[in-house]
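Novice: My questions concern the predicted model and sequence given below.
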Amino acid sequence: MNAQPPDRARQFKSGGRGFSAGGGLWTALFAAPFHRVLDRIDAGLEAGAIEAWLPDGSHRILGGRKPGPVAEVTMQSWRALVRLARSGSVGWYKAWEKGEWESPDPVPLFDLFMRNAAGLGEIGRARGLTRLMNRALHMLRHNDRDGARRNIQYHYDLGNDFYAPWLDETMSYSSALFQEPISGDEELAYAQLNKVRALLDRLALTPDQELLEIGCGWGTLAEVAADEYGATVTGITLSEQQRAYAVAANGCNVSAGRVRIDLIDYRDVTGQYDAIASVEMVEAVGQDYWPAYLDAIARLLKPGGRAAIQYIQIDDAIFDRYAASADFIQTYIFPGGMLLSEQRFRALAEARGLEWRDRHGFGAHYAETLRRWRERFERAVEAGRLPPGFDKHFIDLWRYYLMYCEGGFRGGGIDVAQVTLVKGELAE
């Protein structure tokens, strides 16, 4: 919820920046370079504000020029700013992990960073040698066939018993699509099924048509496509854990030959299909492999066939800065991942004879989905329902990840969308 900007003069009403009593000249001189970093953040915050309590005892309001989220941050150590300046979002996470800054609710802070990304510029992005090192490590996780399998298993093979306690009963790990206006009364599982049906409706499926799902997750879309649309479904994944769950969940459909779940790379699929579905899988492909992913869709679709894709994009205006270094998500959560530049991705699709139709964005729905996941995750932690082997460090990392993503979608610089790609009738 947007709030009116706080009183920007408050810091002056209590004697300027309010160096702590007894701090003296040396404290002021030591803190001065850090306040200059804060000055740059202040200048870059066009909407919303940060209310900050600082290690030297001072209190500052950053931003506050226009209405927007108001984040509260207490910095226990100036080292947090050093990490932010050197390592961007990776360093800011490390600082949080080490207790160098804290907030009663970090989501508005992440919202502000994304909402004001253009004005903040390179603040919050790794630079210099750190940027080169982060980028080099990210490139080592590139998504050739072996790398893609390792990267997918790194995340999804944490175990079905890890995801089940905080995902809903559909085991959907992608944005739900809620009724509007979004209401807390709507069940998450209902909204997830609404998302699946909205995607499948794009394909104009008729009974007994063959559907390929690239990145089938835990099998819910395959089940709905077979049961409600009468399709024959081939789902593919690189996660052994997901495949085992999807086969079991689709037991009757598998036995009847309506659903097959294969452990295979999308580049190695053969044959042709009437339709293709792919839900938030392309983010795991990486920019270098967008052409291969779209080549596969164009090759595997029959002429006149349709592909329905749900994808996460980052604002094209900040894509180059984002792509220049590995961020927190790429470093800790999704190795090898990359959000889409919609402009670039669309151009690649159209160059392959895939007509881009009916894009629908619903980023606010992802923010709500992430909020629901975080609430469910916290309840699972409190009740001891996560499997053994996940220590406090890992739980805190996952908590931070869910807050970080929710703030990003609330800030509007990233979006989730569905689009239909149609292969020309005369295409080969």
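Specialist: Thanks, I have it.
Novice: Give me the nearest residue to Gly119, chain neighbours excluded.
Specialist: Among residues not flanking Gly119 along the chain, Gly44 sits closest, at 4.0 Å (Cβ to Cβ, 6 or more residues apart in numbering). For the C-beta atoms, the positions are set from N, CA and C on the backbone; glycine is no exception.
Novice: give me the number of residues near the one you found?
Specialist: The local packing of Gly44 (other Cβ atoms under 10 Å) involves 20 other residues.
Novice: Please apply the same query to the one 5 residues further on.
Specialist: Using other Cβ under 10 Å, Ala49 is surrounded by 27 other residues.
Novice: rewinding a little: for the residue nearest to Gly119, grab phi and psi.
Specialist: Phi and psi for Gly44, reported as degrees, to the nearest 10, are phi -90, psi -10.
Novice: Contacts only, for it.
Specialist: Going by Cβ atoms under 8 Å, 6 or more residues apart in numbering, Gly44 touches Asn116, Gly119, Leu120, Gly121, Ile123.
Novice: and the third one, what is it in contact with?
Specialist: With contacts defined as Cβ under 8 Å, 6+ apart, the neighbours of Leu120 are Ile41, Gly44, Leu45, Phe113.
Novice: So it versus Glu223, what's the distance?
Specialist: The gap separating Leu120 from Glu223 is 44 Å, by Cβ to Cβ, to the nearest Å.
Novice: secondary structure class for the nearest residue to Leu386 once chain neighbours are set aside?
Specialist: Sequence neighbours aside, Ala380 is the residue nearest to Leu386 in space, at 5.6 Å (criterion: Cβ to Cβ, 6+ apart). Per DSSP: H, G, I helix; E, B strand; the rest coil, the secondary structure class of Ala380 is helix.
Novice: wait, isn't Ala380 in contact with Pro165?
Specialist: Yes. Between Ala380 and Pro165 a contact is recorded at 3.9 Å, counting by Cβ atoms under 8 Å.
Novice: anything in contact with each of the two?
Specialist: Listed contacts common to Ala380 and Pro165 are Leu386; contacts here mean Cβ under 8 Å, 6+ apart.
Novice: Tell me how far Asp268 lies from Asp262.
Specialist: 9 Å.
Novice: do you know how far the spatially closest residue to Leu54 that is not a sequence neighbour is from Glu213?
Specialist: Nearest residue to Leu54 in three dimensions, chain neighbours excluded: Met75, at 5.3 Å (Cβ to Cβ, 6+ apart). Look at Met75 and Glu213: by Cβ to Cβ, they are 46 Å apart.
Novice: Likewise for Glu425?
Specialist: 23 Å.
Novice: can you check Ala226 too?
Specialist: Distance from Ala226 to Glu213, counting by Cβ to Cβ: 11 Å.
Novice: Equivalent analysis for Glu102, please.
Specialist: According to Cβ to Cβ, Glu102 stands 42 Å off from Glu213.
Novice: next one: Asp111
Specialist: Taking Cβ to Cβ, one finds Asp111 at 33 Å from Glu213.
Novice: Could you do Asp201 as well?
Specialist: The gap separating Asp201 from Glu213 is 15 Å, by Cβ to Cβ.
Novice: got it, and Gln287?
Specialist: The gap separating Gln287 from Glu213 is 23 Å, by Cβ to Cβ.
Novice: higher neighbour count, those two?
Specialist: Set Gln287 next to Glu213 and count neighbours by other Cβ under 10 Å: Glu213 wins out with 27 against 15.
Novice: Please list the outside residues in contact with whichever strand or helix holds the more buried one.
Specialist: For Glu213, the host element (DSSP states H and E) is strand 210-214. If you take Cβ under 8 Å, 6+ apart as the criterion, strand 210-214 is touched by 203, 205, 221-222, 225, 231-236, 266, 269, 273-279, 281, 293, 296-297, 300.
Novice: which residue ranges form the strands in the stretch 101-250 of the chain?
Specialist: For the stretch 101-250 of the chain, the strands defined by DSSP state E, counting those that start in this stretch cover 101-102, 210-214, 232-237.
Novice: So which other helices or strands are in contact with the shortest one?
Specialist: Taking 3 or more Cβ pairs under 8 Å, 6 or more residues apart in numbering; DSSP states H and E as the contact definition, the neighbouring helices and strands of strand 101-102 are strand 70-75, helix 79-97.
Novice: what's the least confident stretch among those?
Specialist: Note on the helices and strands packed on strand 101-102: helix 79-97 shows the lowest mean pLDDT, a mean of 92.
Novice: helices or strands up against that one?
Specialist: The contact analysis (3+ Cβ pairs under 8 Å, 6+ apart) places helix 79-97 against helix 24-44, strand 101-102, helix 128-139, helix 328, helix 392-411.
Novice: Just the buried positions in it, please.
Specialist: Applying a neighbour-count criterion of 16 or more other Cβ atoms under 10 Å, one finds 79-85, 87-96 buried in helix 79-97.
Novice: Specify the local secondary structure of Val416.
Specialist: Per three-state DSSP, Val416 ends up strand.
Novice: Okay, and the beta partners of it?
Specialist: As for beta bridges, Val416 partners with Ile312 under DSSP bridges.
Novice: Neighbours of it, how many?
Specialist: Using other Cβ under 10 Å, Val416 has 25 neighbouring residues.
Novice: ok, back up a step: weakest of the helices and strands packed on helix 79-97 by average pLDDT?
Specialist: Among those, helix 128-139 has the lowest mean pLDDT, at a mean of 49.
Novice: strands paired with the strand holding Glu213, and their directions?
Specialist: strand 232-237 (parallel), strand 273-279 (parallel).
Novice: From Asp185, how far off is Asn286?
Specialist: I think there's a mix-up here, since residue 286 is Gly and not Asn. Gly286 is 39 Å from Asp185, by Cβ to Cβ.
Novice: Same question for His393.
Specialist: Per Cβ to Cβ, His393 is found 36 Å from Asp185.
Novice: Between these two, point out the one with more neighbours.
Specialist: For His393 versus Asp185, the count of surrounding residues by other Cβ under 10 Å is larger for His393: 9 against 6.
Novice: and that one, what does it touch?
Specialist: By Cβ under 8 Å, 6+ apart, the neighbours of His393 are Glu97.
Novice: if I look at the closest residue to Cys216 other than its chain neighbours, how far off is Ala284?
Specialist: With sequence-adjacent residues excluded and distances taken as Cβ to Cβ, 6+ apart, Cys216 is closest to Gly235, at 2.9 Å. From Gly235 across to Ala284, the span is 15 Å (Cβ to Cβ).
Novice: Between the two, which has more neighbouring residues?
Specialist: More crowded of Gly235 and Ala284, by other Cβ under 10 Å: Gly235, with 27 against 21.
Novice: thinking the more buried one is in contact with Ala249, fair?
Specialist: No. The criterion here is Cβ under 8 Å, and Gly235 misses it with Ala249 at 10.8 Å.
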